[in-house]
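In: Quick one, what's the 3D model for this:
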Amino acid sequence: MDLLMQFLTNTGFYLADYRHIIMFIAGAVFLYLGAAKNYEPLLLIPIGFGILVGNVPFFKGLGLGIYEENSVLSYLYFGVTTGCYPSIIFLGLGAMTDFTPLLARPKLMLLGAAAQIGIFFTLITALVLGFLPKEAASIAIIGGADGPTSIFLTAKLAPHLIGPVAIAAYSYMALIPVIQPPIMRLLTTRKERLIRMPEGRAVPRKELMIFPGVGVFLCCFLAPASIPLLGTFFFGNFLKECGATERLAKTARTTIIDTATIFLGFTVGASTQGDVFLTAKSVGIFCLGAVAFSIATASGILFAKIMNLFLKEKINPLLGAAGVSAVPGSAREVHLMGQKADPSNYLLMDAMACNSSGVIGSAIAAGVLWSFLI
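Out: Coordinates of the predicted model:
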């Protein structure tokens, strides 16, 4: 009987408390959104299952938890805390990205830059609310709507906040169809949504090959701290465009990025142990993340409207919403919103141009914040 009682007291059923139950429900919600609703399943399913695994109660000191030395999960988590997984994901993103729409209409780069206003507004707000400068910077980068960049910067500045920041960043990326459409409808008129974008110029292949090198020179010299992200991003893009390394480019945009995404999502989910994750700061981060993402969306739209005051050839203001770097979710949402107004209006390629510039913009913003606060 003593052995039986000892066994029972060692089970997760006995050790569980309300925090584990809350996080199990959160994990189930993530799995439901990813599997049943198809909201960013490649992100939400690994994170959701990681939340379930990370919140199985256990005795401390057995080398099981993600925060315990020499545990299997802690070794897998090493790629998050060092920034390895985000850099690998940027390599794959670069190998996926087609800069043709952006080079065909370079002024759309400004919309990607304008959307980063959400980052700096949220930085100020977080400081006012009492967060430490490094914590405020980690929270603010959520406004860029770029999960890997948010995780990378948080790992460097406030590693204790990786779980809440990552969950907030990826949650809002997955909820783009819920968050962005009301903002787009509120800030644009039907007449503006009907604006058609003319066909861009033909971009020669040589220009596409040169652009990654120019991008490294301009972006990484401007913000050297962005090298781990933008260096791999432009390298992946050059693998794609040079024509001599298609096999490497294919591996980068399939096997490599998928492997990194699996481990990043799973370990970030596992890092949300109830006793570590459920704090007042976590709730504050989640709320500020929503503010950051909403302001970034609105900033891009409003800046497009300001640009239209000076342009003869008007820009559809919806494209400003794609200035956040949630690739390709925000671009797809802009395209769908445009087609609701006019089913024959095709905004996807121009929206992808804003999207790709948003990826670069958020990485530069992260580099700037890191260099100031390290």
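In: What strand or helix carries the closest residue to residue 347 other than its chain neighbours?
Out: Of all residues not flanking residue 347 in the chain, residue 338 sits nearest, at 4.2 Å (C-beta to C-beta, 6 or more residues apart in numbering). (C-beta placed from N, C-alpha, C; glycine too.) Assigned by DSSP states H and E, residue 338 falls within helix 329-341.
In: ditto for residue 243
Out: Taking DSSP H and E as the definition, one finds residue 243 inside no helix or strand.
In: ok, now which ones touch it?
Out: By C-beta atoms under 8 Å, 6 or more residues apart in numbering, residue 243 lies in contact with 205, 209.
In: Would you mark the buried spots in stretch 312-329?
Out: Using 16 or more other C-beta atoms under 10 Å as the test for burial, stretch 312-329 gives 315-329.
In: count of residues packed around the residue nearest to residue 347?
Out: Residues near residue 338, counting by other C-beta atoms under 10 Å, number 27.
In: Verify the stated contact: it with residue 316.
Out: Yes. With contacts counted by C-beta atoms under 8 Å, residue 338 reaches residue 316, the gap being 6.6 Å.
In: Quick check, residue 327 in contact with residue 355.
Out: Yes. Look at residue 327 against residue 355 with C-beta under 8 Å: they come within range, at 5.0 Å.
In: Where does the prediction get shaky in the stretch 1-150 of the chain?
Out: 61, 145 (pLDDT under 70).
In: what are the ranges of the helices in it?
Out: Taking DSSP state H, counting those that start in this stretch, the helices of the stretch 1-150 of the chain run over residues 2-9, 12-15, 18-35, 41-54, 72-81, 84-96, 100-104, 109-114, 117-128, 133-140, 147-157.
In: what residue is smack in the middle of the protein?
Out: residue 146 (2.0 Å; C-alpha atoms, centre = their mean).
In: residues touching it, list them.
Out: Contacts of residue 146 by C-beta under 8 Å, 6+ apart are 169, 324, 325, 326, 358, 359, 362, 363.
In: What's the separation between the residue lying closest to residue 220 once chain neighbours are set aside and residue 81?
Out: Residue nearest to residue 220 in three dimensions, not counting chain neighbours: residue 227, with 5.1 Å by C-beta to C-beta, 6+ apart. In this structure, residue 227 and residue 81 are 18 Å apart, going by C-beta to C-beta, to the nearest Å.
In: and what of residue 208?
Out: Residue 208 sits 35 Å away from residue 81, going by C-beta to C-beta.
In: Which residue comes closest to residue 293 once chain neighbours are left out?
Out: Distances taken as C-beta to C-beta, 6+ apart put residue 172 closest to residue 293, at 4.5 Å, once the chain neighbours are dropped.
In: got it, and residue 57?
Out: residue 15 is the one closest to residue 57 (C-beta to C-beta, 6+ apart), at 3.5 Å.
In: shouldn't the one you found be in contact with residue 60?
Out: No. At 10.2 Å, residue 15 does not count as touching residue 60 under the criterion of C-beta under 8 Å.
In: Between the two, point out the one with more neighbours.
Out: Taking other C-beta under 10 Å, residue 15 and residue 60 do not tie; residue 15 has more neighbours (13 against 10).
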